[in-house]
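Undergrad: Here's a sequence, model it:
(one chain, ligands or ions: 1)
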Amino acid sequence: MEYLSDRIKAMATSATMAMARKSRELKSGGQDIISLSLGEPDFNTPAYIREAAKEAIDSNYSKYPPVSGYVDLRDAICRKFKEENGIIYTRNQVVVSGGGKHAIINVILSIVNPGDEVIILAPYWVSYYDQVLIAGGRPVILETSIENDFKISPAQLESAITEKTRLVIFNSPSNPTGMVYSRSEQEAIARVIHRHEGVFLMSDEVYEHILFEGEHVSMASFDFIYDRVITVNAVSKTYAMTGWRIGYIGAPEWIAGACDKLQGQFTSGVSSIAQRAALAALDGKDDSRELMRDAFLRRRNLICRLLAEIKGIRVRIPQGAFYVLPDISHYLGRSDGTQLVRTADGLALWLLDRAGVATVGGDAFGAPGYIRISYANSDDLLVEAVRRIKEALEILK
Ligand code: PLP
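TA: Numbering: from 1, shown residues only. The predicted structure is shown next:
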């Protein structure tokens, strides 16, 4: 007999993780699977960062670290915020967590009460929704579509805010759309938030350096809402460090204090060695960041060109991150003769089966007519994956 809590029962398993697990299983069973489902750079962590971690081990960084992160790491994060984002945070406004994902749940648990509304812009990163549910909050979804470049309007945000709204989650460059809001679009959104006291904005900027056009603008750099913004970032995507699990926030001190309190009970802070590696990443310099960005740009151009050649698929060219979210609604409700493909999730599973390509159905991202393709993979495999997808889709009638 299982006695799972209602909290766990209400939660969905991460769709991206589930798809990755399934494709790993098929792969280890000997099947030829091309995996375009997971959101991580296919590069290794740069050598200067790996060296710093080895050095930390030999220097006996083996004791409990401070709950919010080493002071020198938090100071390096403050320097990063100032130099790259034009935001002034002090050490006590910074908390280092187990990846951006952990940083985000800390913030949600710190300020969202059961029954509070949290506005999420669809298509959204899968975990926002379930993390809000864990806190007992009510996700309020703002819909967008390929026609408006997957962006909300300020009026749409204004009309969704009620006296129960506590938090708005913003993410640019976006996972899963790759869209980037312009400075003026962001400022208009910030102005709406500013008009509603007691409403906070969490700005998830983990893809800031994987940007192909335009500029990255940090929400907290608009002075008028600085004290209502929580800036989330991580070394995961920028430095190809997804496995090291280091993320961080800059926030008003009372929110940072609450996150510290949570971590004090949950984790006692983050791995000492990974923190030393993150310090090296932020402080050090080589050109790996730029080289990775250039590779992603080349692959974006490649995959978008190839996808556009498939009948019935519509694509918006992403300006950042390493995902593309094609509209595949043309293929829903069709059959291969034995199996009817009803939903985007169904299509993703069907493609895994028929084409040996792992993508993620848009349903879990609040994007039911789309699939998400991560192009953090080699050029050759991208070409082969799209060839297989195209060939498979021709079967659906
Ligand atoms: N935010 C977004 C939009 C993401 O796509 C991800 C990872 O996929 C994260 C946060 C979490 O990153 P991390 O691996 O640092 O937990």
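Undergrad: per-residue pLDDT, the closest residue in space to residue 276 that isn't next to it in sequence?
TA: Closest residue to residue 276 apart from its sequence neighbours, by C-beta to C-beta, 6 or more residues apart in numbering: residue 56 at 3.5 Å. Bear in mind the C-beta positions are built from the backbone N, C-alpha and C, glycine included. Residue 56 is assigned 98 on the pLDDT scale.
Undergrad: can you pull the contacts of residue 56?
TA: Under the criterion of C-beta atoms under 8 Å, 6 or more residues apart in numbering, the neighbours of residue 56 are 272-273, 276-277.
Undergrad: Columns secondary structure on top of the residues you listed, output as CSV?
TA: Output for the contacts of residue 56, formatted as CSV (DSSP: H, G, I helix; E, B strand; the rest coil):
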residue, secondary structure
272, helix
273, helix
276, helix
277, helix
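Undergrad: out of those, who's nearest the ligand?
TA: residue 277 (13.5 Å; C-beta to the nearest ligand atom).
Undergrad: rewinding a little: most neighbours, which of the contacts of residue 56?
TA: Neighbour counts for those, by other C-beta atoms under 10 Å, peak at residue 277, which reaches 27 neighbours.
Undergrad: Am I right that it is in contact with residue 244?
TA: Yes. The pair residue 277 / residue 244 is scored as a contact, 5.8 Å apart, by C-beta atoms under 8 Å.
Undergrad: Could you tell me which residues touch both of those two?
TA: Joint contacts of residue 277 and residue 244 (C-beta under 8 Å, 6+ apart) are residue 45.
Undergrad: Just the pLDDT for the residue of the stretch 1-150 of the chain found nearest the ligand.
TA: When scored by C-beta to the nearest ligand atom, the stretch 1-150 of the chain has residue 99 as its residue closest to the ligand, at 2.7 Å. As predicted, residue 99 sits at a pLDDT of 98.
Undergrad: and the gap between residue 75 and residue 248?
TA: In this view, residue 75 and residue 248 are 12 Å apart by C-beta to C-beta, to the nearest Å.
Undergrad: quick one: which of the two has more around it?
TA: Taking other C-beta under 10 Å, residue 75 and residue 248 do not tie; residue 248 has more neighbours (29 against 17).
Undergrad: For the more buried one, which non-adjacent residue is spatially closest?
TA: Residue 248 sits nearest to residue 96 (C-beta to C-beta, 6+ apart), 4.8 Å away.
Undergrad: Which residue ranges of the stretch 151-300 of the chain form helices?
TA: Read by DSSP state H, counting those that start in this stretch, the stretch 151-300 of the chain holds these helices, from start to end of the chain: 154-160, 183-195, 253-266, 272-283, 288-308.
Undergrad: For these, give me a markdown table that also has distance to the ligand.
TA: Shown next, in a markdown table, are the helices of the stretch 151-300 of the chain (distance: least, C-beta to the nearest ligand atom, whole Å):
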| stretch | distance to the ligand |
| --- | --- |
| helix 154-160 | 19 |
| helix 183-195 | 16 |
| helix 253-266 | 15 |
| helix 272-283 | 11 |
| helix 288-308 | 14 |
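Undergrad: which one of these has the most crowded surroundings?
TA: helix 272-283 (a mean of 23; mean count of other C-beta atoms under 10 Å).
Undergrad: Just the C-alpha atoms of that one, please, in PDB.
TA: Output of helix 272-283 as PDB, limited to C-alpha atoms (Å, rounded to 0.1, in the frame of the first residue of the first chain):
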ATOM      1  CA  SER A 272      31.600  23.200  -2.200                       C
ATOM      2  CA  ILE A 273      33.500  21.900  -5.200                       C
ATOM      3  CA  ALA A 274      30.800  23.000  -7.700                       C
ATOM      4  CA  GLN A 275      30.800  26.400  -6.100                       C
ATOM      5  CA  ARG A 276      34.600  26.800  -6.600                       C
ATOM      6  CA  ALA A 277      34.100  25.800 -10.200                       C
ATOM      7  CA  ALA A 278      31.300  28.400 -10.600                       C
ATOM      8  CA  LEU A 279      33.600  31.100  -9.100                       C
ATOM      9  CA  ALA A 280      36.200  30.200 -11.700                       C
ATOM     10  CA  ALA A 281      33.600  30.200 -14.500                       C
ATOM     11  CA  LEU A 282      32.300  33.700 -13.600                       C
ATOM     12  CA  ASP A 283      35.700  35.300 -12.900                       C
END
